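Trainee: turn this into a model:
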Amino acid sequence: MEGPTFLGEYSNESATYFFLIGFFILIIESLVRGKFAIPYKHHLMWILGAFILWATIATILNFDTVNQNFYKQTSGWNRFIRQNFSLLISAIVFPLFFWNIIKNNTVYENFLRIRKVLLFSFIFVSLYGFFEIAIVYLGMGFLMPVFDLFEYLPFINNNLHQGSRIGISSVTFEIPALGTYLIMVLPWMVSYIFTEKNILKYLPLGVSLILLFFSNSRSALIVILLQLIVLLILLILDPQYRKNTLSLLKYSSIAIFCLLLWNSEAIVKTVSEKADSVNFSKNLTKNVSNKSRFGIQHATLEVFKENPIIGVGLGQNTYHAIRHYPYWSTHNNWEFELKYKNQTDKSFPPNYNIYTRLAAELGVIGLGIFSILMLLCIYYSFMVWKLSNNSMRFVGVILIISFVGLSINWMQLDYFRQYGFWLCLMLLIQIMILKRKSILNE
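Mentor: Alright, predicted model coming up:
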């Protein structure tokens, strides 16, 4: 989907349009009522506000260099305005929109409603994904006429990955994007284990893992594995689930052992292929994408070393990083030749990692503020899990696994538009405000 160019990186994000439309309706409704809710008293919002403010201050402090920056027909100030606009949409518009939707509902109502919406989307993503698996992996080409019917739906453009990189992407159009979706939705699907009684409670998690396996998304495989490890630790720490979890681990180990006895060669081969796919150092010279990814991050760290305290300003990293691109990354790399160093292509090269980007652009001060926000979200989520009663403990599980997964996922993304993070942030703030009120009332 091609959208208005003034939206920049959001122009091709269909979800953004629904959120922005909802936000403008909210603004009109607030003007009529004369009320607009902002949780401005909560310290997490103050930390977020400090980060946004520092992004502007750091850029102003680099006034001279920003004034001289010019690359890909774009001036430094033009780049700053675009990137600041992008930051404000993610860190102000989305959170306030989410907050005004959830503020009048109970925590339990919010989580059940959000999970229901995500379940509907997950069912559709899964249906589309299973068609891809059948066609791409199982060779069921006769399903193509049925698969083509998806083209008639809005925001859908069928795309099968059968070239050099085989995998599925479902409705996201690219394999890494499906991985990001699964990272965001997995905690909500896992929560059915805590709230349902029948055997079907494991189905959403099982389907998630099937989609992950066939997606061939290397980064998502690592992140979701870590999310599952965190889930396993939480289950073992919870007296209510400890016994069943340990039994599940025992019987799973026996099942894996039996499978190895039955067909060890095929299983070992599959596991070896997945392990090799995430071995970035081994694939560095073979995979063009990895060469670009690590080369640009290397250059970004060089920019940080030159400007460690305040950075070079929001959106300014590329202007400085181009001098530090390593030879091993650019040599025989078509991505640099056709895109990243091509002055006729106005799109800037990605930074691939929000943390290295913030270190270079906003220095240790900006990176520190952002990291404190992330760490506090994880800590407070753990406290929600620890202090909640059994019927509400799944809320803490969702928040912990979400924040852990999304914070790790930011190690491969350089943008702020992880919708799941901003939604979970508002949910966490609501819980903390309600907890504080209940304590004061006591």
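Trainee: quick one, phi/psi of Phe70?
Mentor: As for Phe70, its main-chain torsions (degrees, to the nearest 10) stand at phi -160, psi 130.
Trainee: contacting residues for the closest residue to Gly22 other than its chain neighbours?
Mentor: In space, and not counting its chain neighbours, Gly22 is closest to Phe97: 5.7 Å by Cβ to Cβ, 6 or more residues apart in numbering. Heads up, the C-betas are built off the backbone N, CA and C, glycines and all. With Cβ atoms under 8 Å, 6 or more residues apart in numbering as the criterion, the residues that contact Phe97 are Phe19, Gly22, Phe23, Leu26.
Trainee: okay, the first one: pLDDT?
Mentor: Looking back up the chat, that one is Phe19. Model confidence at Phe19, given as pLDDT, is 87.
Trainee: please apply the same query to the third one.
Mentor: Looking at Phe23, its pLDDT is 90.
Trainee: which stretches of the stretch 201-350 of the chain have low pLDDT?
Mentor: The model of the stretch 201-350 of the chain has pLDDT under 70 over residues 257, 259-286.
Trainee: can you rerun that using 50?
Mentor: The model of the stretch 201-350 of the chain has no residue with pLDDT under 50.
Trainee: in it, which spans are helices?
Mentor: Counting by DSSP state H, counting those that start in this stretch, the segments of the stretch 201-350 of the chain that form helices are 203-215, 218-237, 239-277, 280-283, 288-306, 317-321, 327-330, 334-335.
Trainee: neighbouring contacts of the shortest one?
Mentor: For helix 334-335, the surrounding residues in contact (Cβ under 8 Å, 6+ apart) are Val288, Ser289, Ser292.
Trainee: give me every residue that touches the last one.
Mentor: If I follow you right, that is Ser292. Shown in contact with Ser292 (Cβ under 8 Å, 6+ apart): Ser329, Asn333, Glu335, Phe336, Tyr340, Pro349.
Trainee: ok, those vs Leu406, which is closest?
Mentor: Each of the contacts of Ser292 was checked against Leu406 using Cβ to Cβ; the closest is Pro349, at 23.3 Å.
Trainee: so that closest one touches Tyr319, yeah?
Mentor: No. Under the criterion of Cβ atoms under 8 Å, Pro349 lies out of contact with Tyr319, with a separation of 11.2 Å.
Trainee: one step back: and the helices of the stretch 201-350 of the chain, which is most packed in?
Mentor: Between those, helix 317-321 has the highest mean count of neighbours, a mean of 25, where neighbours are mean count of other Cβ atoms under 10 Å.
Trainee: contacting residues around that helix?
Mentor: Residues from elsewhere that reach helix 317-321, judged by Cβ under 8 Å, 6+ apart: 65, 69-71, 76, 79, 296, 299-300, 302-303, 306-307, 312, 348-349, 351, 357, 360-361.
Trainee: and the contacts of Phe97, which of them are in helices?
Mentor: When DSSP state H is applied, these are split such that Phe19, Gly22, Phe23, Leu26 fall in helices.
Trainee: list the contacts for the first one?
Mentor: Residues near Phe19 by Cβ under 8 Å, 6+ apart: Val93, Phe94, Phe97, Tyr419.
Trainee: separation between the closest residue to the first one other than its chain neighbours and Trp46?
Mentor: Take Val93 and drop its neighbours on the chain: the residue closest to it by Cβ to Cβ, 6+ apart is Phe23, 5.4 Å away. Separation of Phe23 from Trp46 (Cβ to Cβ, to the nearest Å) stands at 22 Å.
Trainee: more crowded one of the two?
Mentor: Summary of the neighbour comparison: Phe23 and Trp46, criterion other Cβ atoms under 10 Å, with Phe23 having more neighbours (18 against 11).
Trainee: so that one sits right up against Ile92, yeah?
Mentor: No. The pair Phe23 / Ile92 is not scored as a contact, 9.8 Å apart, by Cβ under 8 Å.
Trainee: quick one, strands of the stretch 51-200 of the chain?
Mentor: In order along the chain, the stretch 51-200 of the chain carries the following strands (DSSP state E, counting those that start in this stretch): 70-71, 74-75.
Trainee: reformat those as TSV; add mean pLDDT and distance to Asn12.
Mentor: As requested, these are arranged in TSV below (pLDDT from 0 to 100; distance: least, Cβ to Cβ, whole Å):
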stretch	mean pLDDT	distance to Asn12
strand 70-71	94	22
strand 74-75	94	19
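Trainee: would TSV of those strands with distance to Tyr325 and mean neighbour count be doable?
Mentor: As requested, those are arranged in TSV below (distance: least, Cβ to Cβ, whole Å; neighbours: other Cβ atoms under 10 Å):
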stretch	distance to Tyr325	mean neighbour count
strand 70-71	13	16
strand 74-75	18	16
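Trainee: need those strands in a markdown table with distance to Gly139, can you?
Mentor: Below are those laid out as a markdown table (distance: least, Cβ to Cβ, whole Å):
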| stretch | distance to Gly139 |
| --- | --- |
| strand 70-71 | 46 |
| strand 74-75 | 46 |
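Trainee: quick one, which of these gets closest to Gly8.
Mentor: With Cβ to Cβ as the criterion, Gly8 lies closest to strand 74-75 of the strands of the stretch 51-200 of the chain, at 11.4 Å.
Trainee: next one: that closest one to chain centre, how far?
Mentor: In this view, strand 74-75 has its centroid 28 Å away from the chain centroid, taken as Cα atoms, centre = their mean, to the nearest Å.
Trainee: check stretch 88-103 too.
Mentor: The answer for stretch 88-103 is 17 Å, by Cα atoms, centre = their mean.
Trainee: try stretch 372-382
Mentor: Relative to the centre of its chain, stretch 372-382 is centred 16 Å away, using Cα atoms, centre = their mean.
Trainee: do stretch 203-218 as well
Mentor: For stretch 203-218, the separation from the chain centroid amounts to 16 Å (computed by Cα atoms, centre = their mean).
Trainee: send me that stretch as PDB with only the CA atoms.
Mentor: Backbone C-alpha positions of stretch 203-218 (Å, rounded to 0.1, in the frame of the first residue of the first chain) are rendered in PDB as follows:
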ATOM      1  CA  LEU A 203      -3.500 -24.300  20.500                       C
ATOM      2  CA  PRO A 204      -2.600 -20.600  20.000                       C
ATOM      3  CA  LEU A 205       0.900 -21.200  21.300                       C
ATOM      4  CA  GLY A 206       1.300 -24.300  19.100                       C
ATOM      5  CA  VAL A 207       0.100 -22.400  16.000                       C
ATOM      6  CA  SER A 208       2.500 -19.600  16.800                       C
ATOM      7  CA  LEU A 209       5.500 -21.900  16.900                       C
ATOM      8  CA  ILE A 210       4.400 -23.600  13.600                       C
ATOM      9  CA  LEU A 211       4.300 -20.200  11.800                       C
ATOM     10  CA  LEU A 212       7.600 -19.300  13.400                       C
ATOM     11  CA  PHE A 213       9.200 -22.500  12.100                       C
ATOM     12  CA  PHE A 214       8.100 -22.100   8.500                       C
ATOM     13  CA  SER A 215       8.600 -18.400   8.400                       C
ATOM     14  CA  ASN A 216      12.400 -18.900   8.400                       C
ATOM     15  CA  SER A 217      12.800 -15.700  10.300                       C
ATOM     16  CA  ARG A 218      16.200 -15.900  12.000                       C
END
